[in-house]
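A.B. asks: The sequence isn't on hand, but the structure is:
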């Protein structure tokens with residue numbers, strides 16, 4: 001199972017590039033997240049990267065209050081403490097009703113910790129968990145005014161996968177947060193392959209390095225060797241093979257599921273969006289592809305069980321890209337970014353729309369609005385500064401991955417309020 005993101009108000013995976021920290025929750029807003037001088041992103045992590053905090057300046061400041069402490073709430077994360085004790089504190093306006101507990105742990109080892117206030121039997125309770133053990137669970141009738149959880153040792157502490165909800169999670173959900181699925185999920189145009197009964201057994205070339213195009217070369221007869229231009233490498237389209245199979249309960253279901261699945265690739269204009277999510281990661285692999293060849297089915301006919309194996313041969317025509325994420329709970333929101341480029345780029349917006357050719361341009365807005373405090377509902381307020389401004393309107397709320405294809409290494413002066421999932425992905 002996956003824990004629902006319903007009423008999730010913050011998700012900090014700490015996996016981002018160039019020292020940035022983004023909120024990947026559905027409640028994401030333009031509020032900033034600032035790291036103090038004692039904070040760094042480290043590869044010593046449960047998954048991807050993690051946040052290392054050391055010294056008195058090690059603050060991760062969130063410029064907006066997300067939790068309603070008067071109701072239900074949950075905070076969960078992984079932590080590697082330098083000390084041998086985890087402390088949980090829930091302060092209430094009536095000090096005598098506050099909750100203060102410690103739990104002995106192994107120093108320097110990754111732990112899962114959670115603290116929550118939840119409703120049970122008509123009353124509020126507070127509960128703390130370390131790994132799979134409930135440290136305490138007791139009534140909390142008074143409204144908390146603050147809380148804390150962390151280690152009591154000296155030295156650096158590392159945290160990862162910080163998540164917050166404005167609801168109490170069940171013990172089943174808390175236990176599941178500690179596990180990462182080994183399975184890899186594949187999506188075509190936002191639909192899981194498994195919705196069509198399709199499983200992927202092998203992806204032999206999904207993560208292969210791109211093949212370099214032949215560079216320009218000159219073979220002077222009176223010189224040794226050749227003169228080869230290696231200054232501006234370019235790469236060929238990516239070819240992807242997915243080895244798949246379908247298992248159906250009867251002949252009719254087999255034909256129906258296969259036909260519905262193949263309709264996601266055929267008779268549609270433009271590229272289609274292939275997404276690969278591994279181990280529940282917040283940053284999926286994204287490919288804009290088309291089906292390059294016919295699909296031959298190797299069938300095992302049976303009146304009870306139908307099994308068919310097949311290969312999908314896909315091509316990603318423009319494999320070097322920058323990936324952004326736009327998250328909004330409001331209708332008619334805008335994604336906006338700025339760039340400078342001497343070569344054309346293409347943008348696919350994640351909602352079946354694309355801007356096929358974004359050419360070199362230099363436009364200036366004189367509205368004087370500071371980019372650091374943008375109004376995401378009013379794109380004109382974001383257009384300050386030089387460069388090519390690109391924007392797109394999303395009529396429906398949701399989460400959209402934006403892919404900018406092209407010679408990304410030549411893009412400069414890039415600026416956006418969106419999540420930068422990958423600076424450059426190839």
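C.D. replies: Cool, the structure landed. Just so it is clear, the model here is predicted, and its values are computed rather than measured.
A.B. asks: who are the neighbours of the one helix or strand residue 309 maps to, in terms of helices and strands?
C.D. replies: Per DSSP states H and E: residue 309 is located in strand 306-316. If contacts are counted by 3 or more Cβ pairs under 8 Å, 6 or more residues apart in numbering; DSSP states H and E, strand 306-316 sits against strand 238-248, helix 251-262, strand 285-291, strand 298-300. All C-beta spots, glycine's among them, are computed from the backbone N, C-alpha and C.
A.B. asks: With adjacent residues omitted, what lies nearest to residue 293?
C.D. replies: residue 313 (4.1 Å; Cβ to Cβ, 6 or more residues apart in numbering).
A.B. asks: What is the neighbour count of that neighbour?
C.D. replies: Residues lying near residue 313 (other Cβ atoms under 10 Å) number 14.
A.B. asks: who's it bridged to?
C.D. replies: Applying DSSP bridges to residue 313 gives these bridge partners: residue 241.
A.B. asks: what do you get for the one 10 residues further on?
C.D. replies: With DSSP bridges as the criterion, residue 323 is bridged to residue 403, residue 422.
A.B. asks: right, and it touches residue 426 too?
C.D. replies: No - contact between residue 323 and residue 426 fails when scored by Cβ atoms under 8 Å: they sit 11.0 Å apart.
A.B. asks: any idea how far residue 193 is from residue 251?
C.D. replies: To residue 193, residue 251 is 21 Å away according to Cβ to Cβ, to the nearest Å.
A.B. asks: which of these two has more neighbours?
C.D. replies: Taking neighbours as other Cβ under 10 Å, residue 251 and residue 193 compare with residue 193 leading, 20 against 13.
A.B. asks: if we can go back for a sec, quick one: the residue nearest to residue 293 from residue 240, how far?
C.D. replies: Distance from residue 313 to residue 240, by Cβ to Cβ: 8 Å.
A.B. asks: repeat for residue 425
C.D. replies: 14 Å.
A.B. asks: Show me this structure divided up by domain.
C.D. replies: Using automatic domain parsing, the domain parsing of the chain gives 8-177, 184-316, 321-425.
A.B. asks: Can I get these in CSV including distance to residue 2 and mean pLDDT?
C.D. replies: Below are the domains of the chain laid out as CSV (distance: least, Cβ to Cβ, whole Å; pLDDT from 0 to 100):
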stretch, distance to residue 2, mean pLDDT
domain 8-177, 8, 89
domain 184-316, 7, 87
domain 321-425, 15, 77
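A.B. asks: Hmm, residue 410 is touching residue 344, no?
C.D. replies: No - using Cβ under 8 Å, residue 410 is not in contact with residue 344; the gap is 10.6 Å.
A.B. asks: ok, residue 425 and residue 240, which is more surrounded?
C.D. replies: Neighbours per residue (other Cβ under 10 Å) separate residue 425 from residue 240, with residue 240 holding more: 22 against 16.
A.B. asks: if I pick the closest residue to the more buried one other than its chain neighbours, what's in contact with it?
C.D. replies: In space, and not counting its chain neighbours, residue 240 is closest to residue 314: 4.3 Å by Cβ to Cβ, 6+ apart. Residues in contact with residue 314, defined by Cβ atoms under 8 Å, 6 or more residues apart in numbering, are 239-242, 274, 287, 289-292.
A.B. asks: mind listing the strands for the stretch 51-200 of the chain?
C.D. replies: Counting by DSSP state E, counting those that start in this stretch, the stretch 51-200 of the chain has strands at residues 60-62, 73-80, 85-92, 99-104, 111-120, 123-130, 133-139, 144-151, 157-165, 184-188, 191-192, 198-202.
A.B. asks: actually the stretch 251-400 of the chain, sorry about that
C.D. replies: Under DSSP E, counting those that start in this stretch, the stretch 251-400 of the chain gives strands at 272-278, 285-291, 298-300, 306-316, 321-328, 333-340, 345-348, 354-358, 388-394, 398-405.
A.B. asks: mind putting these in CSV, distance to residue 212 included?
C.D. replies: Formatted as CSV, these follow (distance: least, Cβ to Cβ, whole Å):
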stretch, distance to residue 212
strand 272-278, 23
strand 285-291, 19
strand 298-300, 34
strand 306-316, 16
strand 321-328, 17
strand 333-340, 25
strand 345-348, 20
strand 354-358, 25
strand 388-394, 28
strand 398-405, 18
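A.B. asks: what's the closest residue to residue 168 other than its chain neighbours in contact with, if anything?
C.D. replies: Nearest non-adjacent residue to residue 168, counting by Cβ to Cβ, 6+ apart: residue 118, 2.5 Å away. Residue 118 makes contacts with 72, 74, 124-125, 127, 167-169, as judged by Cβ under 8 Å, 6+ apart.
A.B. asks: So residue 118 versus residue 28, what's the distance?
C.D. replies: Taking Cβ to Cβ, one finds residue 118 at 24 Å from residue 28.
A.B. asks: if I read this right, residue 329 contacts residue 25, doesn't it?
C.D. replies: No - counting by Cβ under 8 Å, residue 329 does not reach residue 25; the two are 10.1 Å apart.
A.B. asks: re the thing from before, in terms of neighbours, single out the busier of residue 323 and residue 426.
C.D. replies: residue 323 (21 against 12).
A.B. asks: what's the more buried one in contact with, if anything?
C.D. replies: Taking Cβ under 8 Å, 6+ apart as the test, what residue 323 contacts is 286, 401-404, 420-422, 425.
A.B. asks: again, 7 Å this time
C.D. replies: 286, 401, 403, 421-422, 425 (Cβ atoms under 7 Å, 6 or more residues apart in numbering).
A.B. asks: quick one: which two of those are the most distant?
C.D. replies: 401 and 425 (10.9 Å; Cβ to Cβ).
A.B. asks: how about the strands of the stretch 251-400 of the chain, which one is nearest residue 160?
C.D. replies: For those, the distance to residue 160 is smallest for strand 272-278, at 16.4 Å, taking Cβ to Cβ.
A.B. asks: quick one, the closest one and strand 398-405 angle?
C.D. replies: For strand 272-278 against strand 398-405, the angle by axes from the mean of the first three to the mean of the last three Cα atoms, to 10 degrees is 110 degrees.
A.B. asks: which residues touch strand 272-278?
C.D. replies: For strand 272-278, the surrounding residues in contact (Cβ under 7 Å, 6+ apart) are 184-189, 206, 264-265, 284-290, 314, 350.
A.B. asks: Also stretch 120-128?
C.D. replies: Under Cβ under 7 Å, 6+ apart, the answer for stretch 120-128 is 88, 90, 99, 101, 114-118, 134-141.
A.B. asks: do that again at 10 Å, thanks
C.D. replies: 70-74, 86-90, 92, 98-99, 101, 103, 113-119, 134-144, 147, 149, 168-169, 171, 174 (Cβ atoms under 10 Å, 6 or more residues apart in numbering).
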